[in-house]
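1. Take this sequence and fold it.
(one chain, ligands or ions: 1)
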Amino acid sequence: MEKTKLIIAKNNACDTIISVVIIKQKKIMKILIIEDEENLAKLLKKGLEAEGYAVDHLADGEAGQRRIEYNHKDYDLIILDLMLPKKNGDEVCREVRRMEISTPILVLTARSDAESKVVLLDTGADDYMLKPFSFAELLARIRALSRRPKIALSSDLKISDLVLNLNTKKLWRGKKEIKLTLKEFRLLEYFMRRPGQTIERVNLTDNLWDFDYDSFSNTLDVYVNRLRNKIDTGRKNSLIETVRGTGYRLADDKN
Ligand code: CA
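-> Here you go, the predicted structure:
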């Protein structure tokens, strides 16, 4: 608090700026670490506490998700390991974002291929660090994330005149409500989060079906066609385009 007093003394003329400084200095940033490697977790907790952060630690995905669900307002940042007992970090991240909790999440991962990085950011993580990492770099990332303005996640996804509400799972095209099954909802949500992108079949099946999905079956096409029938009835162009030999794409600019 010494520092705060010094700033006040030197800046009598500009009250607004001073009050912002005081708030920042008084509020201790609280971080939740979800990490099952005990030694790493201990080291992180100790290091972050030495830097003036308040730190809580949990060691499995289920407990982590529960804590975030009920206590996310207590935390300014979540450090989330990917490979966790009971529930993996990417699932936790995805579900937390689905609940519209927008607390910044920094993922720690040992996976290093480019593909998994994309998947990671798709889950709604704000940033990731590959293990092993330097503590100085972690601190820099934490500072960067805490400077970002908190953006409330919108519960509506909108493409063209299609509006999908993520809470109620209701879909509207123009003024018409369209009823979806849960699987159709998930499929459309996946498309609407990636407008204009070609999505490979394997990405769709991996994300929307369990690992027992038979890659030779046409289940995916059946679902896509059902979805098309529902959203494109009476329209000239289909919003969901087939990309031959690859997968599908949701057009993002035509009606
Ligand atoms: Ca782990």
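2. Okay, now the unreliable bits of the stretch 51-200 of the chain?
-> 111-118, 148-154 (pLDDT under 70).
3. can you give me the helices for it?
-> Listed in chain order, the helices of the stretch 51-200 of the chain (DSSP state H, counting those that start in this stretch) span residues 61-71, 89-98, 114-122, 135-147, 182-192.
4. Just put the ones you listed in JSON lines and tack on distance to Asn229 and mean neighbour count.
-> The way it works is simple: take the backbone N, C-alpha and C, and place the C-beta from them, glycine included. Formatted as JSON lines, those follow (distance: least, C-beta to C-beta, whole Å; neighbours: other C-beta atoms under 10 Å):
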{"stretch": "helix 61-71", "distance to Asn229": "36", "mean neighbour count": "18"}
{"stretch": "helix 89-98", "distance to Asn229": "26", "mean neighbour count": "21"}
{"stretch": "helix 114-122", "distance to Asn229": "27", "mean neighbour count": "14"}
{"stretch": "helix 135-147", "distance to Asn229": "43", "mean neighbour count": "14"}
{"stretch": "helix 182-192", "distance to Asn229": "10", "mean neighbour count": "19"}
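5. Could you dump those helices into JSON lines and include distance to Lys236?
-> Putting the helices of the stretch 51-200 of the chain into JSON lines (distance: least, C-beta to C-beta, whole Å) gives the following:
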{"stretch": "helix 61-71", "distance to Lys236": "44"}
{"stretch": "helix 89-98", "distance to Lys236": "33"}
{"stretch": "helix 114-122", "distance to Lys236": "31"}
{"stretch": "helix 135-147", "distance to Lys236": "45"}
{"stretch": "helix 182-192", "distance to Lys236": "19"}
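6. Select, out of those helices, the one closest to the ion.
-> Comparison of the helices of the stretch 51-200 of the chain against the ion by C-beta to the ion identifies helix 89-98 as nearest, at 8.0 Å.
7. could you say what helices and strands the closest one packs with?
-> Secondary-structure packing of helix 89-98 (3 or more C-beta pairs under 8 Å, 6 or more residues apart in numbering; DSSP states H and E): helix 61-71, strand 77-81, strand 105-109, helix 114-122.
8. how does it look with 6 Å?
-> Secondary-structure packing of helix 89-98 (3 or more C-beta pairs under 6 Å, 6 or more residues apart in numbering; DSSP states H and E): helix 61-71.
9. Specify the angle between the helix it packs on and strand 77-81 in degrees.
-> Interaxial angle, helix 61-71 versus strand 77-81 (axes from the mean of the first three to the mean of the last three C-alpha atoms, to 10 degrees): 170 degrees.
10. what sits up against helix 61-71?
-> Residues outside helix 61-71 that contact it (C-beta atoms under 6 Å, 6 or more residues apart in numbering) are Ile34, Leu58, Leu84, Lys86, Lys87, Asn88, Val92, Val96.
11. Quick check: the two most widely separated of those residues?
-> Lys86 and Val96 (15.0 Å; C-beta to C-beta).
12. returning to what we had before: just give me the closest of the contacts of helix 61-71 to the ion.
-> Distance to the ion across those (C-beta to the ion) is lowest for Leu84, with 5.5 Å.
13. Residues in contact with stretch 84-95: which ones?
-> Stretch 84-95 is contacted from outside by 36, 60-62, 64-65, 80-82, 105, 123-125, using C-beta under 6 Å, 6+ apart.
14. same check, this time on stretch 239-250
-> Stretch 239-250 is contacted from outside by Phe191, Pro195, Thr198, Ile199, Glu200, Arg201, Arg228, Ile231, Ala251, using C-beta under 6 Å, 6+ apart.
15. how does it look with 7 Å?
-> Applying C-beta atoms under 7 Å, 6 or more residues apart in numbering, the contact partners of stretch 239-250 are 159-160, 162, 191-192, 195-201, 204, 224, 227-228, 231-232, 251.
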